[in-house]
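*Asks:* one predicted model, sequence on top.
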Amino acid sequence: MLVAALLVATTNLGFWQLRRLDVRRDHNARVVARADEPVVALATAFGALTEGMSPEDLRHVRVTVSGMWDVASEVYLANRSRDGVPGVHVVTLLRIEGVRPSVGVAVDRGFVPRVHYLKGDRSAWAPAGGEVEVAGSLEVGRMGERGHGSEVDRIDLEALSDRWGISLAPMWIRAAADGSASWPASAPAEDLGDGPHLSYAVQWFVFTLIGLGGYPLVLYRLARRDPGVA
């Protein structure tokens, strides 16, 4: 019975990995489709939320928004890397002008190597002053921020709203490359590969086949050695 249960488990795990592969491929297809859609104003994109769409439905929609950077309101996503180099992502508040009460949007401006970040010279990645137009893609926040000081592990919009003392838009923006050679570098594009799911599925099915072929062989050898075993 134990062997049968293990065979059922490994088979189910194999099919579970195949289902996860399908989900990933569907997600990748949506990301690619979003890249071909026209860029819209942030207000236009958020207008869909009043029509019953959820923030998840708007992930990867490309938007533009005008505002002014508030460099005093900035956090750093820790434990990030780019091309094998450790660093942080700089997340800065963009205050949207002409809106009352004051509203802002959190923007992941990109990657700064940790060696530069530890120098503490924020002017090395300071954004342009005055009104700017930011282009990028929408992303959802994640609750449960953890970290120390200005270093955090995720973009938790509720926590950032409390930290910065301003109402934030219901999604954050991953800034697109602006052609600048200075830091921060644009955040790496999302990996659209299949991931490890297919190889994991193959491994689980191999375990199943080993069990199907190996267990009867063990019984056969035991039976030849001791006819009373069966």
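*Replies:* That came in fine, so what should we check first?
*Asks:* sort out which residues of the lengthiest strand in the chain are buried, please.
*Replies:* Taking DSSP state E as the assignment, the strand of the chain that covers the most residues is strand 62-82. Neighbour-count burial for strand 62-82 flags 62-65, 67-69, 73-78, 80, 82 (criterion: 16 or more other C-beta atoms under 10 Å). Yep, even glycine has a C-beta here, placed from its N, CA and C like the rest.
*Asks:* farthest pair within those residues?
*Replies:* The widest separation within the buried residues of strand 62-82, taken as C-beta to C-beta, falls between 64 and 78 and amounts to 28.5 Å.
*Asks:* what lines up beside the longest strand of the chain in the sheet?
*Replies:* Taking DSSP bridges as the criterion, strand 62-82 sits next to strand 40-41 (parallel), strand 85-96 (antiparallel), strand 131-139 (antiparallel), strand 151-152 (parallel) in its sheet.
*Asks:* can I get the CA coordinates of stretch 127-143 in CSV?
*Replies:* Extracted in CSV, the C-alpha atoms of stretch 127-143 (Å, rounded to 0.1, in the frame of the first residue of the first chain):
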residue,chain,number,x,y,z
PRO,A,127,16.2,61.7,-10.8
ALA,A,128,15.7,64.8,-12.9
GLY,A,129,14.1,67.8,-11.2
GLY,A,130,10.9,69.5,-12.3
GLU,A,131,8.0,67.9,-13.9
VAL,A,132,8.8,64.7,-15.8
GLU,A,133,6.9,62.2,-17.8
VAL,A,134,7.4,58.6,-16.7
ALA,A,135,6.8,55.6,-18.9
GLY,A,136,6.6,52.0,-17.7
SER,A,137,4.4,49.0,-17.0
LEU,A,138,2.0,48.5,-14.2
GLU,A,139,2.6,45.9,-11.4
VAL,A,140,0.7,44.8,-8.3
GLY,A,141,1.9,45.4,-4.8
ARG,A,142,2.5,42.7,-2.2
MET,A,143,1.4,42.9,1.4
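*Asks:* I'd say residue 175 and residue 133 touch.
*Replies:* No - using C-beta atoms under 8 Å, residue 175 makes no contact with residue 133, being 11.2 Å away.
*Asks:* of these two, who's got more company?
*Replies:* Per other C-beta atoms under 10 Å, whichever of residue 175 and residue 133 has more neighbours is residue 175, with 22 against 9.
*Asks:* beta-bridge partners for the more buried one, please?
*Replies:* Under the criterion used here (DSSP bridges), residue 175 is bridged to residue 136.
*Asks:* distance of it from residue 50?
*Replies:* Taken as C-beta to C-beta, to the nearest Å, the spacing of residue 175 relative to residue 50 amounts to 25 Å.
*Asks:* mind listing the helices for this structure?
*Replies:* Along the chain, counting by DSSP state H, helices occupy 2-36, 42-47, 114-117, 157-164, 197-225.
*Asks:* mind listing what's buried along stretch 12-21?
*Replies:* Under the neighbour-count criterion of 16+ other C-beta under 10 Å, stretch 12-21 has 13, 14, 17, 18, 20, 21 buried.
*Asks:* hang on, I meant stretch 129-140
*Replies:* Here stretch 129-140 shows 134, 136, 137, 138, 139 as buried, counting by 16+ other C-beta under 10 Å.
*Asks:* quick one: mean pLDDT for that stretch?
*Replies:* In this model, stretch 129-140 carries a mean pLDDT of 90.
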